[in-house]
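Student: no FASTA, just this:
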């Protein structure tokens, strides 16, 4: 099993493999500290960095001190401000020069052809290249709020990733079997979240075809999407117990909930709860007990390249 905080060559002897990726690196200083602590002391193997994040400079310094931490690009296409100006992305950004704030409005615009693919690709490329120019060897790509779950978004995002030399991308589709009946029926909020997760799987096959067409690699899917904001040690244990064979990603959002974090509006208590789970030695013991191998996106790329040679 991976020694916390240290890179190693992947062996892949297990039938179950797990990338534990911490999203929102660069959002706040409290998020940055939480990600580093979860890498050094827990099970986080990769993180994705927001090129538009308010604490980007702090995150770059933190990443430099943790060479074993694999860093991807957390592409932001809603909430916050883009890197490009209104002349470059006049329809992706609102009239005030900022992204759409609400996910529902973003989805409606995407599905009705109001978000030109060329604008999505331009902004995605700008965010990736900003990190690369800062010295980050971007290992993978994902999107804020899993925006690339829709074909209208993942097609230009994948094209931009390939053009920027990024080799891996998050598979944003969650296997339904990881959510047990007991977890869902005891939480109406979880039950309401599970329905759209199931419906969105209609795009999963098309996504995998597009990944192959662009020469990228991905996992069999992502777990923890439904549990975002509802994670606990018991739910984490049950998720591991139900994890199917294959290579999966666990998405998490650890954070020290400082004033800056609360001002941005994340769910109160969720950042600390997820940090307690993924930064613990108990989580590492549970992963090992279930016969799961921890890997990073860099490991996945390495093995896929060897298999294709």
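Tutor: Nice, I can see it. Everything quoted here is computed from the prediction, not taken from an experiment.

Student: low-confidence ranges, the stretch 201-309 of the chain, go.
Tutor: 309 (pLDDT under 70).

Student: what ranges do the helices span in it?
Tutor: 204-213, 233-242, 259-263, 270-278, 281-289, 297-308 (DSSP state H, counting those that start in this stretch).

Student: elements contacting the first one?
Tutor: With contacts defined as 3 or more C-beta pairs under 8 Å, 6 or more residues apart in numbering; DSSP states H and E, the secondary structure elements packing on helix 204-213 are helix 151-163. All C-beta atoms are positioned from the backbone trio N, CA, C, and that covers glycine.

Student: how far off helix 281-289 does the biggest strand by length in the chain point, in degrees?
Tutor: Counting by DSSP state E, the longest strand found in the chain is strand 16-25. Here strand 16-25 points in a direction 150 degrees away from that of helix 281-289 (axes from the mean of the first three to the mean of the last three C-alpha atoms, to 10 degrees).

Student: adjacent strands (with direction) for strand 16-25?
Tutor: Looking at strand 16-25 with DSSP bridges, its partner strands are strand 46-49 (parallel), strand 246-252 (parallel), strand 292-295 (parallel).

Student: out of those strands, which one sits most buried?
Tutor: strand 46-49 (a mean of 29; mean count of other C-beta atoms under 10 Å).

Student: following the chain onward from it, which element is next?
Tutor: Following strand 46-49 in sequence order, the next helix or strand is helix 56-64 (DSSP states H and E).

Student: show residues contacting that next one.
Tutor: Contact with helix 56-64 is made by 25-26, 29, 32-33, 35-36, 47, 49-50, 53, 69, 71, 134-136, as judged by C-beta atoms under 8 Å, 6 or more residues apart in numbering.

Student: kindly indicate the member of those with the most neighbours.
Tutor: Highest neighbour count within the contacts of helix 56-64: residue 35, with 35 neighbours (other C-beta atoms under 10 Å).

Student: helix or strand: which one has it?
Tutor: Residue 35 belongs to helix 29-41, assigned by DSSP H and E.

Student: so how far is that helix from its chain's centroid?
Tutor: Centroid separation between helix 29-41 and its chain, computed with C-alpha atoms, centre = their mean, to the nearest Å, is 15 Å.
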